[in-house]
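K.L.:
A predicted structure for the sequence below; I have some questions about it.
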Amino acid sequence: MTTLYQKRVREDNLRKVLRFIHRMGSTSRPAITQELHLSPATVASLVAELEECGLVQEDGLGKSRGGRKPAILRFNAEWAWVVAAKVGVTRVRVGLANLKGELKGKRVEPLASRNPKDVVCQITRMVSMLLEELPHPRILGMGVCCPGVIDRETGEVLKAVNLGWENVPLKSLLAEHSPWPVFVEDGADAGALGEKWFGSGQDVENLVYVVVGNGIGSGIILHGELYTGQQHVAGEFGHTSIDFSGPLCPCGNRGCLELYASARALVQKVEEALRQGEKTLIRNLLEEGRNLTAELVSEAAYLGDSFALQVLEETGTLLGRAIGNLVNLFDPELVVIGGGLSLAHPVFFESLATTVKAQSLLLHRRPVAVRKAFFGGDSELVGAAALTVERVFGERVPIL
C-alpha cells in the first residue's frame, strides 16, 4: 500500500513539475522548489527524470541571488507534436503544432458537408495528408474545436446552431479513427487560451476573446484561467439578444447579436441594399463572377467604395457596443478580436475599438485595451493544440 501511495505521489509531483516548466518555458530548480513547495532533493530527482527522456534540457546559467548561479531549465517543445483541428461554418483547418502551440504546418479546406460523420472523415483525411508531408515520431494527442456548447469531459457537441448539430458525440466519432487521445473544445474558448498563452494576451490575467465570422462567440479568461461556467455555456455571446422583438434566430431566441453583427449579417445587409439599387463597386465585382462575401465587401472598401466602408463601420460600431457590455460585466484588461471579420478593412476594427473604449469609460477610469488576435484566423487552431498539451500533461506524464 505504501509503495503504491508513494508511486502516486511521485507521479503527481512529476506532473506538477512538468506543467510548471511547460508554462514557464524556462525556469530553474530553486524556482520550482519555491513555487511548488517541494524539497530540493525531490525537485532534483524529478527534473533528472525529465532530462533523461529529453522533455527538459539545461541551457546555461541564470542570475545568482547570493550563491551559485542556478542552471536554467528549458522545456523541449519539439519533444512531441500534437494534432489540432478547427471545424468552422464554412472551412475546416487542421494543423500540427509543437508543445508550445507553434504551428509547424496546416491545411485549410472548404467544409464539404455538415454531416458529423462526413466531417470526421474530412478531418481524418486532412490530418493523414499533413502527417505524410510533416512526419513526427511522437504525437501526444489531438485537439478539435468547433462553435457551440461542448461537454468537455465527454467531448459531445451538445448544440452547435450554425452547424445544425445537437448531441453529436464528436470525440467518440474521432476516436474511432485516431490512435491518440482526442479532446474536443469550444472554438472561442480555445482561441482565448491560445491568445492568452502565446498571443496578444500574454501580458494580462483577464481578457475577453471575441471571434467574429459567420457566427460570433467569446472566450473569457479570469485570473489567468478559462471561465466556462457551470454547464460550459459561458461565452455564448452571439446568441445574446439585442432586440427582443427582432427576427427569430436558429437557436430559438429572437434578435440575437449574430443576426446583426456577424459576417453573414453583413453580407445579408449588402444583398438587401443591392436589391434596392445601391450604387456600389460591389456590384461591379459581382459582375466579374465573384461571390458575395465579407472578404469581397472588404476588397471594395480598400478600393474606396463609400458604401462598403459605411457597412463595415456600422457593423464594427454595433459589435463594439455589444462588446462594451462584456467589458462592463467582466472588467477585463484586454479585448482580443479574432475570426475572419477581424481581418477586414481597418475601418471595421477601428470603429469597433473606438466604440468599446468609449462605452467602457462610462464605468472605468482607464479605457480597456483592444487588440487584434495575434494568430488571426488560426487562434482557435493554436488554442486547440495548447489545450491538448494542457489536458495531456494534466492527466498523465507522457514518459510514464
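P.N.:
Looks like it came in fine. Please read all numbers here as calculations on a predicted model, not as lab measurements. Residues are numbered from 1 along each chain as shown.

K.L.:
three-state assignment of G143?
P.N.:
Three-state call for G143 (DSSP: H, G, I helix; E, B strand; the rest coil): strand.

K.L.:
those strands in the stretch 201-350 of the chain, which residues are they?
P.N.:
Ranges of strands in the stretch 201-350 of the chain, per DSSP state E, counting those that start in this stretch, are 207-212, 216-222, 225-227, 334-338.

K.L.:
which strands and helices sit next to the shortest one?
P.N.:
Counting contacts by 3 or more Cβ pairs under 8 Å, 6 or more residues apart in numbering; DSSP states H and E, strand 225-227 is packed against helix 187-198, strand 216-222. For the C-beta atoms, the positions are set from N, CA and C on the backbone; glycine is no exception.

K.L.:
where does that strand sit relative to the chain's centre, distance-wise?
P.N.:
12 Å (Cα atoms, centre = their mean, to the nearest Å).

K.L.:
That strand: which residues count as buried?
P.N.:
Residues of strand 225-227 classed as buried by neighbour count (16 or more other Cβ atoms under 10 Å): 226-227.

K.L.:
Check the burial of the closest residue to L326 other than its chain neighbours by counting its neighbours.
P.N.:
Of all residues not flanking L326 in the chain, V208 sits nearest, at 5.3 Å (Cβ to Cβ, 6 or more residues apart in numbering). Neighbour count of V208, defined by other Cβ atoms under 10 Å: 30.

K.L.:
so V208 touches S218, yeah?
P.N.:
Yes: counting by Cβ atoms under 8 Å, S218 is a contact partner of V208 at 5.9 Å.

K.L.:
Now do the shared contacts for those two.
P.N.:
Counting by Cβ atoms under 8 Å, 6 or more residues apart in numbering, the residues touching both V208 and S218 are 192, 326.

K.L.:
distance of G95 from P181?
P.N.:
17 Å (Cβ to Cβ, to the nearest Å).

K.L.:
If you count surrounding residues, which of those two has more?
P.N.:
A direct count of neighbours by other Cβ under 10 Å for G95 and P181 places G95 higher, at 27 against 18.

K.L.:
for the more buried one, what are its contacts?
P.N.:
83-85, 103-107, 130, 378, 381-382, 385.

K.L.:
now A273
P.N.:
280, 307, 311.

K.L.:
circling back: need the winner for burial among the strands of the stretch 201-350 of the chain.
P.N.:
strand 207-212 (a mean of 30; mean count of other Cβ atoms under 10 Å).

K.L.:
who's in contact with that one?
P.N.:
187-188, 191-192, 195-196, 201, 216-221, 237, 261-263, 319, 323, 326-327, 330, 332-342, 373, 379-380.

K.L.:
related to what we said a few turns ago, got CSV for the helices and strands packed on strand 225-227, with mean pLDDT too?
P.N.:
Below are these laid out as CSV (pLDDT from 0 to 100):
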stretch, mean pLDDT
helix 187-198, 87
strand 216-222, 91
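
K.L.:
So for G229, which of those sits nearest?
P.N.:
strand 216-222 (8.8 Å; Cβ to Cβ).

K.L.:
Tell me what angle that closest one forms with strand 334-338.
P.N.:
Interaxial angle of strand 216-222 relative to strand 334-338 (axes from the mean of the first three to the mean of the last three Cα atoms, to 10 degrees): 150 degrees.

K.L.:
show me what contacts A301?
P.N.:
With the criterion set at Cβ under 8 Å, 6+ apart, A301 makes contact with 308-309, 312, 344-345, 347.

K.L.:
repeat that with 6 Å
P.N.:
308-309, 312, 345 (Cβ atoms under 6 Å, 6 or more residues apart in numbering).

K.L.:
what's the answer for E58, then?
P.N.:
Contact partners of E58, counting by Cβ under 6 Å, 6+ apart, are A71.

K.L.:
gap between it and N13?
P.N.:
In terms of Cβ to Cβ, E58 sits 20 Å off from N13.

K.L.:
Quick one: the helices in the stretch 1-150 of the chain, in order.
P.N.:
Counting by DSSP state H, counting those that start in this stretch, the segments of the stretch 1-150 of the chain that form helices are 2-24, 29-36, 40-53, 116-133.

K.L.:
Now distance to L361, mean pLDDT and mean neighbour count too, for those, in CSV please.
P.N.:
Shown next, in CSV, are those (distance: least, Cβ to Cβ, whole Å; pLDDT from 0 to 100; neighbours: other Cβ atoms under 10 Å):
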stretch, distance to L361, mean pLDDT, mean neighbour count
helix 2-24, 34, 84, 15
helix 29-36, 37, 89, 17
helix 40-53, 47, 89, 16
helix 116-133, 43, 95, 17
